[in-house]
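**Student:** test case, fold it:
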Amino acid sequence: MEKRIRIVWALSLISMLLLVAGQGYWLWNQYQYKNEEYEEEIHRLVMDAVAVNDSIRREQPKKVFNKPNISFFNTNVDMHTDRDSLTNKLKERYTRTFVVGAMADKSVLSTAMKDSIVYKDKIVIHGEDKLLFNMSFSEAIVAYQLQIDVPFTLQRFDSVLATKLDGMSFTTGLVTPRDSLYQWVETVERLGSDLHPVIRLVYPYNPLKRELVQVDVQVMPHTLLLRMGWQLLGSLVLILLLAVCLLFQIKTILKQHRVDELRKSFVNTMIHELKRPVQALKMCVSFLNDKTMRTDEQAMDEVVRDSVSELDNLSAYLRKLRDMTRADDEQTQLSLSTFDLKPVVEKLIRLQHAPEGKQVSFETHFTDNLLVTADPVHMANIISNLMENAVKYSGSSVSIRVECRLHGHELTLKVSDDGIGIPVSEQGRVFDKFYRSSNLPDRSLPGIGLGLSYVKLLVEAHRGTVFLTSQIGRGTTVEITIPQ
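**Tutor:** Presented below is the predicted three-dimensional model:
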C-alpha cells in the first residue's frame, strides 16, 4: 500500500508539472501572438499618423511647387558593365538620374527657358538591381516636392503621433542611413527582450534624399497581459481545478490508507478485548464444573461478579460499534424529552466502576435548574463514556470534576480529570474512529478507540459541539455544549 501511494504521489506530481509546463508553453505562444498583433497595430497607427501629417503638410502654403509654377521632372537610366575586383566577373551596373524642378508659368510663352526656372535639382542613384531602376518613382518625387515646399518637422509629427498612439510611450528622431542604400518603404522590427519589447518603425518621408524618421514605441508587458486576460484566467482556473482534483484524490487515498490502518488496529484490539470476557466465562464455567470449588460462596460471588463485569464491557463495546456503524449509513435517531439531568449524573457516578487498587473521587457542580431537552439514554451514554475515560486513563488515583450548567438556551457539560493527559499533536485525532492515544501508561488497558468518537456522534446528533483541552501529566477537560 505504501508503494502504491508513493507511485500515485509521483504520477500526480508529474501530471501537475506537465500540465503547468503545457499551459506555460501555450501561454507563451499566446503572448508572442499578442505581441505580433500589437506590432501590427502599432504599425498601422504610425502609418495613419504619417498619412495625417502629410495631409496637414499638403494644406500648408507651398514655397516652390505651387499652383502658378509648373513642376517638371525627367529620369534617365544608363547601364554599363565592369569587372568585379574580387570575383573577376562582369557585372551590370545601373545609373538613374532624376531632374526635378519648377518654372514660372510665363515660361510657357517664353523662349528663354533657363530664365524662367525657379528651382532645379539633380539626383543620381547607382545600383545593381535592374528591377529597382525599372520601378515607378512618382510617389518618391511627390514626397520630394512636398519636402521642398513644407519640410517635415518632428514637433508636428509627434503631436499627431501622440494622438494616434493614445498614451503609449514613444520616441522619434530623424535619421540618415550610414550606407549608400536607398529605402523606399517603411520597415518594422522588434527590439529589446520578449518581456519588454520595443517596436521600431523607420519611414522614408523623402526617399530620394534618403531622409528617414525613426519611431520607437515601448510596449508595456501589462498591456499585453490585459489583452490575454481571458486566456490567463482560463489557464489559471484549469490549473487550480486540476490541482484541487489531484490533491483531493491524494487526500482520499491517504484517508483510505489511514482508515485501513485503523481498521487493522481495531481488529487486533477487538480480538484482544474479546479475549477478556471469553476467558472470564471460561473461568466461570470451569469453576462451576468443579463441585469442590462451588461450595466456596465467596469465590463463587467473585467469579460471577468478574464475569458480569466483563460481559458488561463486551456489551458496551458491541453497542458502541453498532451505533457507530449505523451513523455511517443514517442519521442517529433521537427520542427527545424533558428531564432533570442532575439525578442522571448522580446515578452514573454511583454506578461507575472503579478498578481494583485505584482511588476514584468525584466532585460535582450543578445549577439550580437542570431541566434539559435531550435524549436521556444518549445523554447518559455521553456522560458515562467521559467518566470511563477519566477513570481509565489515569494513575493510581484520580479526581474527576463534573459540571452541569444551564444558561438561557444552552446546556454546558464539563468533565475534567487530573489523569495522564493527551499530547497536543494527538488532540485533533482523538475523536477519530478507532484511534487510541500513544500516551498510554499500559497498552493492556481495555478499549477499541470508539469512546470519544461515540461521544462526538451523539453530541452532534443533538446539534451540539464538543471541545477538548489537555496537558501532559495535568489531565484533560472535555466541554460539551448542547442548544436547548
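
**Student:** for this protein, just list every one of the helices.
**Tutor:** Ranges of helices in the chain, per DSSP state H, are 2-58, 113-116, 130-134, 138-149, 154-165, 221-227, 229-289, 297-329, 341-351, 376-392, 451-461.

**Student:** and Met103, which of these is closest to it?
**Tutor:** Nearest of the helices of the chain to Met103, taken as CB to CB: helix 113-116 at 4.5 Å. Using the backbone N, CA and C atoms, a C-beta is placed for each residue, glycine as well.

**Student:** next, name the residue at the spatial heart of this structure.
**Tutor:** With distances taken as CA atoms, centre = their mean, the residue of the chain nearest its centroid is Leu240 (5.1 Å).

**Student:** where's it relative to Gln249, distance?
**Tutor:** Distance of Leu240 to Gln249, given as CB to CB, to the nearest Å: 15 Å.

**Student:** can you put the helices of the chain in a markdown table and add distance to Val100 and mean pLDDT?
**Tutor:** Listed next are the helices of the chain as a markdown table, based on distance: least, CB to CB, whole Å; pLDDT from 0 to 100:
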| stretch | distance to Val100 | mean pLDDT |
| --- | --- | --- |
| helix 2-58 | 17 | 85 |
| helix 113-116 | 16 | 56 |
| helix 130-134 | 17 | 61 |
| helix 138-149 | 6 | 87 |
| helix 154-165 | 24 | 92 |
| helix 221-227 | 44 | 76 |
| helix 229-289 | 53 | 76 |
| helix 297-329 | 98 | 69 |
| helix 341-351 | 114 | 89 |
| helix 376-392 | 108 | 88 |
| helix 451-461 | 98 | 86 |
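
**Student:** those helices into TSV, with extra columns for distance to Met79?
**Tutor:** Shown next, in TSV, are the helices of the chain (distance: least, CB to CB, whole Å):
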stretch	distance to Met79
helix 2-58	34
helix 113-116	29
helix 130-134	8
helix 138-149	21
helix 154-165	38
helix 221-227	50
helix 229-289	56
helix 297-329	99
helix 341-351	119
helix 376-392	111
helix 451-461	101
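
**Student:** gap between Leu208 and Gln145?
**Tutor:** 10 Å.

**Student:** same question, Val198
**Tutor:** 33 Å.

**Student:** quick one: which of these two has more around it?
**Tutor:** Remark: of Val198 and Gln145, Gln145 carries more neighbours, 20 against 16, as counted by other CB atoms under 10 Å.

**Student:** that one and Val100 touch, don't they?
**Tutor:** Yes: contact criterion CB atoms under 8 Å: Gln145 and Val100 qualify, at 7.2 Å.

**Student:** where exactly do the strands run in the stretch 51-200 of the chain?
**Tutor:** 70-83, 90-103, 117-127, 169-175, 187-192, 197-206 (DSSP state E, counting those that start in this stretch).

**Student:** show me the contacts for the nearest residue to Thr171 once chain neighbours are set aside.
**Tutor:** Distances taken as CB to CB, 6 or more residues apart in numbering place Asp216 nearest to Thr171, at 4.9 Å, with adjacent residues excluded. Applying CB atoms under 8 Å, 6 or more residues apart in numbering, we find Asp216 in contact with 170-172, 191, 198-200.

**Student:** try Gln352
**Tutor:** Gln352 touches 360, 362, 384, 387-388, 391, counting by CB under 8 Å, 6+ apart.

**Student:** how about a cut-off of 10 Å?
**Tutor:** 360, 362, 383-384, 387-388, 390-391, 400 (CB atoms under 10 Å, 6 or more residues apart in numbering).

**Student:** pick out the most distant pair among those.
**Tutor:** Val360 and Ile383 (15.0 Å).

**Student:** those two: which is more packed in?
**Tutor:** Using other CB under 10 Å, the more surrounded residue of Val360 and Ile383 is Ile383, with 23 against 18.

**Student:** for Leu413, see how far away that one is.
**Tutor:** Counting by CB to CB, the gap from Ile383 to Leu413 is 7 Å.

**Student:** shared neighbours of the two, anything?
**Tutor:** Shared contacts of Ile383 and Leu413, counting by CB under 10 Å, 6+ apart, come down to 341, 345, 402, 404, 480.

**Student:** from what I see, the first one and Leu413 are in contact.
**Tutor:** Yes: at 8.2 Å, Leu341 counts as touching Leu413 under the criterion of CB atoms under 10 Å.

**Student:** ok, which of the helices of the chain comes nearest Tyr435?
**Tutor:** helix 229-289 (6.5 Å).

**Student:** quick one: that closest one to helix 2-58, angle?
**Tutor:** Angle, helix 229-289 to helix 2-58, by axes from the mean of the first three to the mean of the last three CA atoms, to 10 degrees: 170 degrees.

**Student:** okay, now the domains of the chain?
**Tutor:** Following automatic domain parsing, one finds the domains of the chain at 2-37+225-268, 63-221, 334-483.

**Student:** buried deepest among those, which one?
**Tutor:** Highest mean neighbour count among the domains of the chain (mean count of other CB atoms under 10 Å): domain 334-483, with a mean of 16.

**Student:** what about it, distance to the chain center?
**Tutor:** Here domain 334-483 shows a centroid-to-chain-centroid distance of 42 Å under the convention CA atoms, centre = their mean, to the nearest Å.

**Student:** how long is it end to end?
**Tutor:** By CA to CA, to the nearest Å, the extent of domain 334-483 from end to end equals 14 Å.

**Student:** rewinding a little: intersection of neighbour lists for Leu208 and Gln145?
**Tutor:** Common neighbours of Leu208 and Gln145 (CB under 10 Å, 6+ apart) are Val100.

**Student:** what score does Phe137 have for pLDDT?
**Tutor:** Confidence at Phe137, expressed as pLDDT, is 77.

**Student:** that one against Thr97, yeah?
**Tutor:** No: contact criterion CB under 10 Å: Phe137 and Thr97 do not qualify, at 11.4 Å.

**Student:** okay, and the common contacts of the two?
**Tutor:** 75, 123, 125.

**Student:** what's the separation between the closest residue to the last one other than its chain neighbours and Phe137?
**Tutor:** Nearest non-adjacent residue to Ile125, counting by CB to CB, 6+ apart: Arg96, 4.6 Å away. Summarising the geometry, the distance separating Arg96 from Phe137, computed by CB to CB, is 8 Å.

**Student:** which neighbours do these two have in common?
**Tutor:** 75, 123, 125.

**Student:** hmm, back to that, look up how far Leu246 lies from the residue nearest to the centre of the chain.
**Tutor:** Taking CB to CB as the measure, Leu240 falls 11 Å from Leu246.

**Student:** same check, this time on Leu336
**Tutor:** For Leu336, the distance to Leu246 - CB to CB - is 44 Å.

**Student:** ditto for Lys209
**Tutor:** 66 Å.

**Student:** before we move on, what about Gln183?
**Tutor:** For Gln183, the distance to Leu246 - CB to CB - is 56 Å.

**Student:** same check, this time on Asn66
**Tutor:** When distances are taken as CB to CB, Asn66 and Leu246 turn out to be 77 Å apart.

**Student:** much appreciated, bye for now.
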